[in-house]
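[1] just a sequence and a predicted model for now, questions to come.
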Amino acid sequence: MKNLRSNDRSRGFTMMELLIVIAIIAAVAALVVPFGKSMRAKTRQAACLNNLKEIGIGIESYLQDHSDTMPDIAAGRKTKDEDVLVLETALADYIENPEIYHCPEDQEIFKETGSSYIWNSTQSGKNKYRLEFFTITDDPGRVPLITDKEKWHPGESGVNVLYADYSASREVNFSVSP
């Protein structure tokens with residue numbers, strides 16, 4: 001007669017095998033999670049850059065209707081209820097979707113003020129061909145027009161910038177001479 005106990009026993013994982021599988025899963029997760037967070041941050045930064053480019057298109061449309069003169073607006077406002085002409089109100093006829101003014105990394109300021117971005121008010125009311133910023137006078141395209149209100153993004157500067165040539169960058173592309 002055969003021993004029924006040895007054939008009757010179901011095959012399963014031993015405690016040691018389960019611990020090894022769990023350790024492997026934990027090691028893989030430890031490698032993948034930081035990479036996933038980094039990729040999400042870069043995706044949000046790219047979405048923010050795209051928002052700035054869309055705002056640049058809105059500014060160009062505004063300029064066509066206003067003799068190439070930049071809007072004469074405040075840098076920003078403290079709350080949505082404040083009666084101040086700012087970027088998102090001046091361009092309301094040109095940019096219908098208010099979410100364009102929302103950087104995906106911004107969790108608070110957009111809800112309170114209506115924009116994650118700040119206007120370089122030194123350019124308010126200037127002709128687009130006569131822009132200047134500190135010592136930048138020879139190349140108006142290098143003049144920064146809009147930046148993130150806060151340092152939300154990874155990298156040295158932590159902010160995205162829209163320049164007067166409507167290029168958007170995470171790099172600061174202007175320098176100031178003494």
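    That came through fine. Residues are numbered from 1 along each chain as shown.
[2] only C-alpha atoms for contact and neighbour calcs from this point on.
    Will do.
[3] residue contacts, the spatially most central residue of the chain?
    By CA atoms, centre = their mean, the mean C-alpha position of the chain lies nearest to C48, the distance being 2.9 Å. By CA atoms under 8 Å, 6 or more residues apart in numbering, the contact list for C48 reads H102, C103, P104, N160.
[4] could the residues you listed go into CSV alongside pLDDT, neighbour count and secondary structure?
    What follows is these, written out as CSV (pLDDT from 0 to 100; neighbours: other CA atoms under 10 Å; DSSP: H, G, I helix; E, B strand; the rest coil):
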residue, pLDDT, neighbour count, secondary structure
H102, 95, 21, coil
C103, 93, 27, coil
P104, 92, 19, coil
N160, 89, 26, coil
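[5] quick one: which of those residues is nearest T69?
    The closest of the contacts of C48 to T69 turns out to be N160 (CA to CA; 23.6 Å).
[6] these two touch, right, the closest one and N51?
    No: using CA atoms under 8 Å, N160 makes no contact with N51, being 10.2 Å away.
[7] now the host helix or strand of the residue nearest to the centre of the chain: average pLDDT?
    C48 belongs to helix 15-65 when assigned by DSSP states H and E. Taken as a whole, helix 15-65 carries a mean pLDDT of 85.
[8] after it, which helix or strand is next? Please name it.
    helix 87-90.
[9] would you tell me what the next helix or strand after that next one is?
    Past helix 87-90, the next helix or strand by DSSP H and E is helix 109-113.
[10] count of residues packed around the spatially closest residue to S167 that is not a sequence neighbour?
    Leaving out its chain neighbours, the residue that sits closest to S167 by CA to CA, 6 or more residues apart in numbering is K53, at 6.8 Å. Neighbours of K53 under the rule other CA atoms under 10 Å: 20.
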